[in-house]
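Asks: sequence unknown, structure follows:
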């Protein structure tokens, strides 16, 4: 087991750095779990993997527990955003179609509504009639 050192920063105390032992291949900005003397297992951010001053190396007595793999989490979040976007588009399109269907149905029963729809259709889209197919 190859002993290495990393410097991490706790989220709750963003100004103080701590050095931990590790045998993992880590890079700056990686999220790792460490065994904190006060709070138990805590997720922290790696800020240094090289160039750690020698006086800090002797302070490292605890080990990094593991690296946090956020890839699956990020993929789930991205997927949920796409799902929500699709649902929003579907709801918007459904509302448009419901409104159009209601007006077409009413136009079959009410001449004034039919005339207003024809006028609106001609103003908005002179080549297609909203009430076509009635």
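Replies: Received the coordinates, thanks. Since this is a predicted model, take the numbers as computed values, not measurements.
Asks: biggest strand in the chain, by residue count?
Replies: Longest strand of the chain, by residue count under DSSP state E: strand 40-48.
Asks: Toward the C-terminus, what is the element adjacent to it?
Replies: Using DSSP states H and E, the helix or strand that directly follows strand 40-48 along the chain is helix 54-57.
Asks: which residues are contacting that next one?
Replies: Helix 54-57 is contacted by residues 5, 7, 17, 19 when judged by CB atoms under 8 Å, 6 or more residues apart in numbering. Just so you know, the C-beta spots here come from the backbone N, C-alpha and C atoms, and that holds for glycine as well.
Asks: and the first one, helix, strand or coil?
Replies: Spelled out, that is residue 5. Assigned with DSSP: H, G, I helix; E, B strand; the rest coil, residue 5 falls in the strand class.
Asks: you'd agree it is up against residue 22?
Replies: Yes. Residue 5 is within contact range of residue 22, at 7.1 Å (criterion: CB atoms under 8 Å).
Asks: who has more neighbours, those two?
Replies: Counted by other CB atoms under 10 Å, residue 5 and residue 22 do not tie: residue 22 has more neighbours, with 23 against 17.
Asks: Fine by me, we can end here.
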